[in-house]
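Visitor: curious how this folds, go ahead:
(chains A and B)
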Amino acid sequence: MIEVDRLSVRFGRTEAVKFVSFSVERGESFGLVGESGSGKSTVLRALSGLNPDWTGRMSVDGQSLTPRRSKDFYRRVQMVFQDPYGSLHPRQTVDRLLSEPLLVHGMDNVERRIMRGLNEVALPASMRFRYPHQLSGGQRQRVAIARALMAEPQVLLLDEPTSALDVSVQAEVLNLLSDLQQAHHLTYILVSHNLAVVAHLCARIGVMQAGELVELLSADDLRAGRTRHPHTAALRELSIELEEPETTEGNSA
Amino acid sequence: MLVEIRNLRIQFPTATGHSDAVHNVSLTLGQEKLGIVGESGSGKSLTARSILRLLPFNAVVTADKLEFDGIDVLRADEAALRRIRGARAGLILQDPKFSLNPVMTAGAQIAEAWRVHRGGSRKLAERAAIDLLAQVQIRDPRHVAQAYPHELSGGMGQRVMIAMMLAPGPELLIADEPTSALDATVQAEILRLIEDLVSRRGMGLILISHDLPLVSHFCDRVAVMYAGRVVEEVAAAELTHARHPYTRGLLECLPTLSHKKPRLTVMQRDPSWLEP
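Guide: Numbers count the residues shown, from 1 in each chain, chains lettered A, B, ... in the order given. Okay, here's the model as predicted:
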């Protein structure tokens, strides 16, 4: 479904992404992990068309990507960002936010689609005419997901979709994302610095460090500690150490 | 006791009366590390900030007792509060991008905090700033002292914030989600740094976060807040034996690397949690 071949992105003299290659099957979830500045979001932005300045080859659904994309590409590939408050227009109601992609892509049955969209992300119909500031963080992220789904995409690019949310809300959103993937046969690329979140949603994971993809491995290998690159091992160790509550028996921090 | 809170109640006026943001909260803190954990809106930040009386102007605060080192914070005048705020109790906020002055160098901001509370010459303050930057484990403190906030990474910025808060030599440090804007590796480094500095200087620490397992690694005790109430207080080491369903819910809803879960547990909220 998605092929990325020797993708490089430069910002001035900085090489933010260096020769990154990976492929994602249709209906699969692929995760990209790494620290801030490792280039994981830059890969996503180049793929989504938000940054036209890249070299290498990328294709989605067999079609080679050019810096300028067709309107249909922007329908089939949608993105969800970290901060739902920053990505929703503050002066637009949920109704307007959800109808915008339908208008842009000339889709019919606006009324029915909006109601179905709200229903799919488990938001009550009463939320339809609210503004983003009248919603909680979790509800806002649900609106952002509903908006991404409005145009019936094939690919969802998720950039830290749960890092701004409470852990209890994070669980709800992650469950929602797996349900939606099954229901619509979506292909996901999930970018996060949280290994546990990525391993939960994605079967295959790419680890990035300083712009390079240093390791590709399965979530099961990551869980079991079958890592090859020292950076992957270090990230894994830290994640395991901090996710378990401190116990009397001990491994003190 | 460094901090003593008994029956703290914080209300906000609404169109139809008052809403309770914090309800019947009692906490004490000595020279120890206390974690306050809860979701957004659970009142954890309000509770911690009430110790410095740093609340929105329309907040109605009542308490049987709200004391910082024996000083009645509710009845103290502004001059008395100024001798606590910053000087004896420092506050570290979530995002250094918004807490640092963008048009002052890191060194100048730390030196300012030093001079405001301790006096002394400009030269002395500058030297102290560099020394503080070294204490927060910045490798090249002279260089970082000359840098503006936009030239620093998130983790560096948070170290500068910590150095600034330590300048007056406070007895209490309140860290309100100090690492939520940082990624996992830096998060652990900053929390270790805070824990280490607090232990070495014999300070009290209030660490506010929504990540319960994380907090338990850096605190002695954890107070779990839900809808403005403290529903459970447990020793950090006893967290796995926590009894309250909300505390258990917070632990169980997290995805983990060590155990694969096909589906995450979603918290079922029980109205009875709201009863006193």
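Visitor: can you give me the helices in the stretch 1-150 of chain A?
Guide: For the stretch 1-150 of chain A, applying DSSP state H, counting those that start in this stretch gives helices covering A:40-48, A:71-76, A:84-87, A:94-104, A:110-120, A:137-150.
Visitor: pick out the shakiest of those helices, pLDDT-wise.
Guide: Within those, the stretch with the lowest mean pLDDT is helix A:84-87, showing a mean of 84.
Visitor: now do the buried residues in that helix.
Guide: Of the residues in helix A:84-87, A:84, A:87 count as buried by neighbour count, 16 or more other CB atoms under 10 Å in any protein chain shown. C-beta coordinates here come from the backbone N, C-alpha and C atoms, glycine included.
Visitor: what about the most centrally placed residue in chain B, which SS state?
Guide: For chain B, the residue lying nearest the average C-alpha position, counting by CA atoms, centre = their mean, turns out to be B:Ala175 (2.2 Å). Per DSSP: H, G, I helix; E, B strand; the rest coil, the secondary structure class of B:Ala175 is strand.
Visitor: which residue packs closest to it, ignoring adjacent ones?
Guide: For B:Ala175, ignoring the flanking residues on the chain, the nearest one in space by CB to CB, 6 or more residues apart in numbering or on different chains is B:Ile92 at 4.4 Å.
Visitor: how many residues are close by the closest residue in space to A:Val9 that isn't next to it in sequence?
Guide: Residue nearest to A:Val9 in three dimensions, not counting chain neighbours: A:Val17, with 4.1 Å by CB to CB, 6+ apart. Applying the criterion other CB atoms under 10 Å in any protein chain shown, we find 27 residues in the vicinity of A:Val17.
Visitor: state the distance from A:Val17 to chain B.
Guide: Here the distance between A:Val17 and chain B works out to 17 Å (CB to the nearest CB, to the nearest Å).
Visitor: contacting residues for that residue?
Guide: A:7-9, A:39, A:42-43, A:46, A:54, A:211 (CB atoms under 8 Å, 6 or more residues apart in numbering or on different chains).
Visitor: check B:Ala76 too.
Guide: If you count contacts by CB under 8 Å, 6+ apart, B:Ala76 has them with B:53, B:84.
Visitor: how does it look with 10 Å?
Guide: Under the criterion of CB atoms under 10 Å, 6 or more residues apart in numbering or on different chains, the neighbours of B:Ala76 are B:53, B:66-68, B:82-84.
Visitor: just the buried ones from the residues you listed?
Guide: Neighbour counting with 16+ other CB under 10 Å marks B:53, B:66-68, B:84 as buried within the contacts of B:Ala76.
Visitor: could those residues go into JSON lines alongside pLDDT, distance to B:Asp140 and secondary structure?
Guide: Converted to JSON lines, the buried ones among the contacts of B:Ala76 look like this (pLDDT from 0 to 100; distance: CB to CB, whole Å; DSSP: H, G, I helix; E, B strand; the rest coil):
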{"residue": "B:Arg53", "pLDDT": "93", "distance to B:Asp140": "38", "secondary structure": "coil"}
{"residue": "B:Leu66", "pLDDT": "95", "distance to B:Asp140": "43", "secondary structure": "strand"}
{"residue": "B:Glu67", "pLDDT": "95", "distance to B:Asp140": "42", "secondary structure": "strand"}
{"residue": "B:Phe68", "pLDDT": "94", "distance to B:Asp140": "36", "secondary structure": "strand"}
{"residue": "B:Ile84", "pLDDT": "93", "distance to B:Asp140": "34", "secondary structure": "helix"}
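Visitor: now those as JSON lines including distance to A:Leu97?
Guide: Putting those into JSON lines (distance: CB to CB, whole Å) gives the following:
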{"residue": "B:Arg53", "distance to A:Leu97": "39"}
{"residue": "B:Leu66", "distance to A:Leu97": "43"}
{"residue": "B:Glu67", "distance to A:Leu97": "48"}
{"residue": "B:Phe68", "distance to A:Leu97": "46"}
{"residue": "B:Ile84", "distance to A:Leu97": "45"}
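Visitor: spell out, range by range, the strands that occur in the chain.
Guide: As the question left the chain open, I've gone with chain A. Under the criterion DSSP state E, chain A carries strands at the ranges A:2-11, A:14-24, A:29-33, A:55-60, A:63-64, A:77-80, A:155-159, A:187-192, A:204-209, A:212-218.
Visitor: hmm, I had chain B in mind actually
Guide: When assigned using DSSP E, the strands of chain B occupy the ranges B:3-14, B:17-29, B:33-37, B:60-62, B:65-68, B:71-72, B:89-92, B:172-176, B:204-209, B:221-226, B:229-235.
Visitor: how about the spatially closest residue to B:Gly120 that is not a sequence neighbour, what does it touch?
Guide: Once its chain neighbours are removed from consideration, B:Gly120 has its nearest residue in B:Trp114; the separation is 7.2 Å (CB to CB, 6+ apart). The contact partners of B:Trp114, by CB under 10 Å, 6+ apart, come to B:120, B:124-129, B:131-132, B:163-164, B:166-169.
Visitor: so which residue of the stretch 1-150 of chain B comes closest to chain A?
Guide: When scored by CB to the nearest CB, the stretch 1-150 of chain B has B:Glu39 as its residue closest to chain A, at 4.3 Å.
Visitor: would you check how far apart that residue and B:Leu250 are?
Guide: 8 Å (CB to CB, to the nearest Å).
Visitor: neighbour count winner among those two?
Guide: A direct count of neighbours by other CB under 10 Å for B:Glu39 and B:Leu250 places B:Leu250 higher, at 26 against 22.
Visitor: in contact with A:Gly56, which residues?
Guide: A:Gly56 touches A:4-9, A:17, A:19-21, A:46, A:65, counting by CB under 10 Å, 6+ apart.
Visitor: cool, B:Leu212 as well?
Guide: Contacts of B:Leu212 were listed using CB under 10 Å, 6+ apart, and they are A:167, A:245, B:35, B:37-38, B:222, B:224, B:236, B:239, B:242, B:247, B:249-251, B:253-254.
Visitor: now do the contacts for the residue in chain B sticking out farthest from the centre.
Guide: Residue farthest from the centre of chain B, counting by CA atoms, centre = their mean, is B:Pro262 at 34.4 Å. Contacts of B:Pro262 were listed using CB under 10 Å, 6+ apart, and they are A:178, A:200.
Visitor: and if you look at B:Pro141?
Guide: Contact criterion CB under 10 Å, 6+ apart gives B:106-107, B:110, B:129-135, B:163 as the residues in contact with B:Pro141.
Visitor: hang on, A:Ser23 packs against A:Arg57?
Guide: No. With the criterion set as CB atoms under 10 Å, A:Ser23 and A:Arg57 do not qualify as a contacting pair; they are 11.3 Å apart.
Visitor: what sits in contact with each of these two?
Guide: Common contacts of A:Ser23 and A:Arg57 (CB under 10 Å, 6+ apart): A:3-5.
Visitor: of those residues, buried ones?
Guide: Restricting those to buried positions leaves A:3-4, with burial counted as 16+ other CB under 10 Å.
Visitor: ok, so of the shared contacts of A:Ser23 and A:Arg57, who is nearest chain B?
Guide: Looking across the shared contacts of A:Ser23 and A:Arg57 and measuring by CB to the nearest CB, the closest to chain B is A:Val4, at 22.6 Å.
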